[in-house]
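Colleague: Build me a model:
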Amino acid sequence: MTDAVVIGAGPAGLMAAEALGKAGLSVTVAEAMPSVGRKFLMAGKSGLNITKAEPRQAFLAAYGNKLPTALATALHQFGPQDVISWAEGLDQPIFTGSTGRVFPTVMKASPLLRAWLSRLASLGVQLETRWRWDGWDNDTLLFDTPAGAQRLEPMVSVLAMGGASWARLGANGQWAEHLVEVTAPFAPANMGFRVDWSDYMTPHLGTAIKSVALTAGNQTSRGEFILSKQGIEGGGVYMVSKAMREGALLTVDLLPDWSVAKIRSALGKPRGKASVSNHLRKVLRLDPVKLALLSECGRPLPEDLASLIKALPITHQGPRPMDEAISTAGGVRFDALDGQLMLVKRPSVFCAGEMLDWEAPTGGYLITGCMATGRYAGRSAAAYAKGR
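Modeller: Numbering: from 1, shown residues only. The predicted structure follows:
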């Protein structure tokens, strides 16, 4: 008999298991895939960005203007500095980049995950892989396992099964069939968008456009993005992807550090026999890929070229497929949960991580949000179990 069951072994689930284990409960973690933390490890392939070191108000703003109370509480209790201290407590040195993004010094996720699993083992946490959750029979949890059907009746359980993107890594959203009444529809988040490029853009596809500002609705992102064969993607796009998904026009400022007046002054210099393209390259120092994008999206070039350079519209054909998205919006609604992340209609069952209906950009916010809600749900579940 186990006191607590955690379903899902990503950052949220493992953090919930850690909180439950530290509270003295016996814990079983059930993971549907053959190994744990698959999406976590994939995120670390290009450098594991665990959080963002910035003032609390700015950090919380990344999660939206109206944070559900439980999410706000979780983030207040486990914010950027807490993430850093937690990682350092696992003997993983940390560094902060020039943009405030925080990484393990080794940049990889695997050493951190190994240290984390070792800590969980020391707390007595039992890990079961290839255990697929099949819902409930009244209050009994049902699992399909290599050894056949299993039934567990813990005092408390934490659901942390991820969103609905990257099915090959285990996040397929199939759990929603057991929680239909409390789940908002899934939508892609932190995703690329389809753009039907002309053949003119072919030589530039796969190239990053750097030092730009992207704006959609009331969201603006400074950074870079990539022109792909399918359209546009990358960190700069992901930061404004929510507004784009909801229908806002995307514009790109090709020279965010230049004012319109400065651009007009530069464009007013004698062009002589130079082509328009060469003139722009010379007086504005626009590189070939920015010039190509200006030509692709700005033709015919208007008389007020400076204003176009500051707000070049990019027409897209909508988000790329959800399974290509880094994360998803939608999931378990906060109005179906109490302030402790417990399902109102299923006392003793708590929810955490990306399966909750919240959305945040990449850059450390996603992982921090998953860990914070996992910890909060785990601590809440432990308190509930002890209260029983």
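Colleague: Now T2: closest residue in space that isn't a chain neighbour?
Modeller: T28 (4.4 Å; CB to CB, 6 or more residues apart in numbering). Placement of C-beta: from N, CA and C, glycine included.
Colleague: For E153, see how far away that neighbour is.
Modeller: Separation of T28 from E153 (CB to CB, to the nearest Å): 12 Å.
Colleague: related to what we said a few turns ago, any idea which element the residue nearest to T2 lies in?
Modeller: strand 27-31 (DSSP states H and E).
Colleague: Do you have the helices of the stretch 251-388 of the chain handy? List them.
Modeller: For the stretch 251-388 of the chain, the helices defined by DSSP state H, counting those that start in this stretch occupy 260-267, 276-284, 288-298, 305-310, 365-387.
Colleague: Quick check: mean pLDDT of the shortest one?
Modeller: Model confidence over helix 305-310 averages 96 on the pLDDT scale.
Colleague: counting contacts, what elements does it pack onto?
Modeller: Packing partners of helix 305-310 (3 or more CB pairs under 8 Å, 6 or more residues apart in numbering; DSSP states H and E): helix 260-267, helix 288-298.
Colleague: With mean pLDDT as extra columns, can I get those helices in JSON lines?
Modeller: Listed next are the helices and strands packed on helix 305-310 as JSON lines, based on pLDDT from 0 to 100:
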{"stretch": "helix 260-267", "mean pLDDT": "95"}
{"stretch": "helix 288-298", "mean pLDDT": "95"}
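Colleague: quick one: which of the ones you listed is nearest F193?
Modeller: Judged by CB to CB, the one of the helices and strands packed on helix 305-310 that comes nearest to F193 is helix 288-298, at 13.3 Å.
Colleague: Which positions within that closest one qualify as buried?
Modeller: Buried residues in helix 288-298, counted by 16 or more other CB atoms under 10 Å: V289, K290, L291, A292, L293, L294, S295, E296, C297, G298.
Colleague: before we move on, back to that, looking at strand pairing, list the partners for the residue nearest to T2.
Modeller: As for beta bridges, T28 partners with V5, Q126 under DSSP bridges.
Colleague: ok, A377 - how many residues close by?
Modeller: Residues lying near A377 (other CB atoms under 10 Å) number 33.
Colleague: List the contacts of it.
Modeller: A12, A16, A19, V158, A160, Q340, L341, F350, C351, A352 (CB atoms under 8 Å, 6 or more residues apart in numbering).
Colleague: cool, R245 as well?
Modeller: By CB under 8 Å, 6+ apart, the contact set of R245 is A187, P188, A189, M191, P319.
Colleague: Without its sequence neighbours, what residue ends up closest to G64?
Modeller: Nearest one to G64, counting by CB to CB, 6+ apart, is E359 at 7.0 Å.
Colleague: Spit out the contact partners of G97.
Modeller: F103.
Colleague: One more pass at 10 Å, please.
Modeller: G47, N49, K52, A53, F103 (CB atoms under 10 Å, 6 or more residues apart in numbering).
Colleague: what's the answer for A72, then?
Modeller: By CB under 10 Å, 6+ apart, the contact list for A72 reads L60, Y63, K66.
Colleague: my guess is it is in a helix, correct?
Modeller: Yes. A72 forms part of a helix when assessed by DSSP: H, G, I helix; E, B strand; the rest coil.
Colleague: so which of the helices of the stretch 251-388 of the chain gets nearest M201?
Modeller: helix 288-298 (5.5 Å).
Colleague: Now do that closest one: distance to the chain's middle.
Modeller: Relative to the chain's own centre, helix 288-298 is displaced by 30 Å; criterion: CA atoms, centre = their mean, to the nearest Å.
Colleague: Can you pull out the residues in contact with it?
Modeller: Helix 288-298 is contacted from outside by 195, 197-198, 200-205, 207-212, 227, 232, 250-252, 254-255, 276-278, 280-281, 284, 286, 301, 305, 308-309, 312-315, using CB under 10 Å, 6+ apart.
Colleague: Just the buried positions in stretch 146-158, please.
Modeller: By 16+ other CB under 10 Å, the buried positions in stretch 146-158 come out as L152, P154, M155, V156, S157, V158.
Colleague: ugh, wrong one, I meant stretch 247-255
Modeller: L250, T251, V252, D253, L254, L255.
Colleague: mind putting these in JSON lines, pLDDT and distance to E128 included?
Modeller: Shown next, in JSON lines, are the buried residues of stretch 247-255 (pLDDT from 0 to 100; distance: CB to CB, whole Å):
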{"residue": "L250", "pLDDT": "98", "distance to E128": "45"}
{"residue": "T251", "pLDDT": "98", "distance to E128": "50"}
{"residue": "V252", "pLDDT": "98", "distance to E128": "48"}
{"residue": "D253", "pLDDT": "98", "distance to E128": "51"}
{"residue": "L254", "pLDDT": "97", "distance to E128": "53"}
{"residue": "L255", "pLDDT": "97", "distance to E128": "55"}
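Colleague: Just give me the closest of those residues to M33.
Modeller: Using CB to CB, those come closest to M33 at L250, 35.4 Å.
Colleague: didn't the closest one look like it was pressed against A216?
Modeller: Yes. L250 is in contact with A216 according to CB atoms under 10 Å; the separation is 4.9 Å.
Colleague: Which neighbours do the two have in common?
Modeller: Counting by CB under 10 Å, 6+ apart, the shared contacts of L250 and A216 are V237, V240, S241, A243, M244, I314.
Colleague: which stretch of helix or strand covers the fifth one?
Modeller: M244 is part of helix 241-245, with elements assigned from DSSP H and E.
Colleague: contacting residues around the residue lying closest to A377 once chain neighbours are set aside?
Modeller: Leaving aside its sequence neighbours, A377 sits nearest to A352 (CB to CB, 6+ apart; 3.8 Å). By CB under 10 Å, 6+ apart, the residues touching A352 are 6, 8, 10-13, 15-16, 19, 70, 74, 158-161, 332, 341, 369-378, 380-381.
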